[in-house]
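**Student:** predicted coordinates and the sequence they were generated for:
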Amino acid sequence: MPKVVSRSAVSSSTDAQPTASATASLRVYYCICGEFILVVEKSLSSLPKRQTDGATIIRSQDNDGGKAVVFKFNANPIDPVLVERSGGHERQYRFSCPRCNLLIGYQSTPPPVKSSPYLYILMGALTQVQGQVPRDAFELQGDVAMSDF
């Protein structure tokens with residue numbers, strides 16, 4: 001039997017500048033059931049929060065306030081809901097997990113995703129560790145604490 005010899009060479013340069021794609025890191029988020037939901041270029045904790053409900057704000061369109069955040073969202077649209085807020089009403093076009101139907105987030109215009117200037121991710125809906133419940137999943141919501149049940 002003939003002997004097989006393979007040769008390979010590894011080339012690298014310490015002088016090369018890192019490219020934008022090499023320095024960018026994507027964050028992956030999962031539903032608490034373990035289903036993949038979101039890939040985003042920034043950490044959700046670094047994005048602004050909404051004062052009304054604590055939802056994380058993801059800018060999905062460029063506007064005068066800044067550039068859009070790059071993301072991929074994997075959730076199913078569900079029926080819109082009219083929410084009463086102080087000073088009026090707000091229509092929410094909601095999205096749920098494709099596997100367990102947990103409410104994940106909403107936007108202010110009808111689907112598809114990114115048709116609205118902002119996508120809102122609900123507090124405690126997503127985790128970076130697959131199958132692990134996020135720390136903020138059971139935080140105080142309004143006037144009712146989980147210990148009241």
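**Tutor:** Now that the structure is in, tell me what you want to look at. Numbering: from 1, shown residues only.
**Student:** which intervals of the chain have sub-threshold pLDDT?
**Tutor:** 1-2, 4-6, 8-24, 139-149 (pLDDT under 70).
**Student:** and the strands in it?
**Tutor:** Secondary structure of the chain, counting by DSSP state E: strands at 27-31, 36-40, 56-59, 71-73, 76-77, 81-85, 88-96, 103-107, 118-121, 126-127.
**Student:** which of these sits most buried?
**Tutor:** strand 118-121 (a mean of 24; mean count of other C-beta atoms under 10 Å). All C-beta atoms are positioned from the backbone trio N, CA, C, and that covers glycine.
**Student:** residue contacts, K49?
**Tutor:** Residues counted as contacts of K49 (C-beta atoms under 8 Å, 6 or more residues apart in numbering) are A55, T56, I57, M123.
**Student:** what's across from the residue nearest in space to the middle of the chain in the sheet?
**Tutor:** Central residue of the chain (C-alpha atoms, centre = their mean): L38, 4.4 Å from the mean position. Counting by DSSP bridges, L38 is bridged to Y29, F73.
**Student:** contacts only, for it.
**Tutor:** Here L38 is in contact with V28, Y29, F71, K72, F73, N74, I121, L126 (criterion: C-beta under 8 Å, 6+ apart).
**Student:** distance to P110 added to those residues, as CSV?
**Tutor:** Output for these, formatted as CSV (distance: C-beta to C-beta, whole Å):
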residue, distance to P110
V28, 27
Y29, 24
F71, 19
K72, 20
F73, 15
N74, 18
I121, 18
L126, 23
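**Student:** distance check, the nearest residue to S43 once chain neighbours are set aside against P80.
**Tutor:** In space, and not counting its chain neighbours, S43 is closest to R27: 5.4 Å by C-beta to C-beta, 6 or more residues apart in numbering. Distance, R27 to P80, by C-beta to C-beta, to the nearest Å: 28 Å.
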